[in-house]
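Participant: Okay, structure incoming, though there's no sequence with it:
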């Protein structure tokens with residue numbers, strides 16, 4: 001996979017857990033993994049951020065964070081309010097290239113959605129992916145409204161000639177409602193990309209050993225797992 005950019009249709013959709021699952025599945029294959037969080041917002045100095053959470057759950061990955069801003073805001077706004085320099089696409093690309101030189105897989109986890117601003121020039125995670133010629137893994141929620149948000153994100157990717165590798169449902173409930181069951185069929189259609197996994201709701205609460213053992217069951221073979229998209233779709237259709 002080399003360098004993969006992980007984004008979501010918005011905030012709190014399961015990007016960090018998906019990143020951790022992909023990292024765990026890659027480690028289980030004997031691959032070396034680095035996780036890069038360009039801008040961590042809403043976390044105080046000394047507290048564990050998203051990259052550290054991925055390392056806690058997935059295992060021995062190289063966790064890197066380029067900047068940290070205390071306010072839970074878009075990186076550009078949080079940097080401005082903190083009086084700190086913003087992160088630019090060049091900063092991210094350079095860091096990812098260095099990690100890629102010594103790791104088999106580099107996962108770059110964005111903040112919020114694809115077009116969240118990183119600096120005052122309006123640079124976004126999409127600019128980062130374009131600069132690195134990296135594929136984008138899209139994490140989407142399961143419920144009502146996800147089709148529109150997914151379609152808008154994919155439209156933005158296509159407008160920039162970026163590749164959507166596929167969609168992962170970031171939190172799949174134990175008792176899905178009608179919209180969620182229908183979305184299993186509709187998501188890959190609106191994304192024009194394969195459904196590559198579904199993480200059970202609440203996986204962040206699992207012990208690391210259980211998370212690592214189960215992660216491949218949540219992801220398709222393209223992401224190093226054993227999850228069967230066709231069987232999953234047929235079961236819920």
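Facilitator: Arrived safely. Since this is a predicted model, take the numbers as computed values, not measurements.
Participant: make it CA atoms for all contacts and neighbour counts henceforth
Facilitator: Fine.
Participant: Just the buried residues of stretch 85-99, please?
Facilitator: Going by neighbour count (16 or more other C-alpha atoms under 10 Å), the buried part of stretch 85-99 is 86, 87, 88, 89, 92, 93, 95, 96, 99.
Participant: Verify the stated contact: the second one with residue 121.
Facilitator: No - Residue 87 is beyond contact range of residue 121, at 10.9 Å (criterion: C-alpha atoms under 8 Å).
Participant: List the residue ranges of the chain that fall below the pLDDT cut-off.
Facilitator: Applying pLDDT under 70 to the chain flags residues 1.
Participant: quick one, strands of it?
Facilitator: For the chain, the strands defined by DSSP state E occupy 2-8, 33-41, 62-69, 105-113, 135-140, 164-172, 195-200.
Participant: is it possible to export those to TSV including mean neighbour count and distance to residue 22?
Facilitator: Output for the strands of the chain, formatted as TSV (neighbours: other C-alpha atoms under 10 Å; distance: least, C-alpha to C-alpha, whole Å):
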stretch	mean neighbour count	distance to residue 22
strand 2-8	24	10
strand 33-41	25	10
strand 62-69	19	14
strand 105-113	25	9
strand 135-140	26	10
strand 164-172	24	10
strand 195-200	24	10
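Participant: Redo the ones you listed as CSV? Include distance to residue 213.
Facilitator: Listed next are these as CSV, based on distance: least, C-alpha to C-alpha, whole Å:
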stretch, distance to residue 213
strand 2-8, 22
strand 33-41, 17
strand 62-69, 19
strand 105-113, 19
strand 135-140, 21
strand 164-172, 18
strand 195-200, 13
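Participant: Relative to residue 233, which of these is closest?
Facilitator: The closest of the strands of the chain to residue 233 is strand 195-200. By C-alpha to C-alpha, the value is 9.3 Å.
Participant: next one: that closest one to chain centre, how far?
Facilitator: Centre-to-centre, strand 195-200 and its host chain are 12 Å apart (C-alpha atoms, centre = their mean, to the nearest Å).
Participant: ditto for stretch 102-111
Facilitator: That offset, for stretch 102-111, works out to 10 Å (C-alpha atoms, centre = their mean).
Participant: Same question for stretch 109-116.
Facilitator: Put simply, stretch 109-116 sits 9 Å off its chain's centre (C-alpha atoms, centre = their mean).
Participant: same check, this time on stretch 146-165
Facilitator: Relative to its chain's centre, stretch 146-165 lies at 14 Å (C-alpha atoms, centre = their mean).
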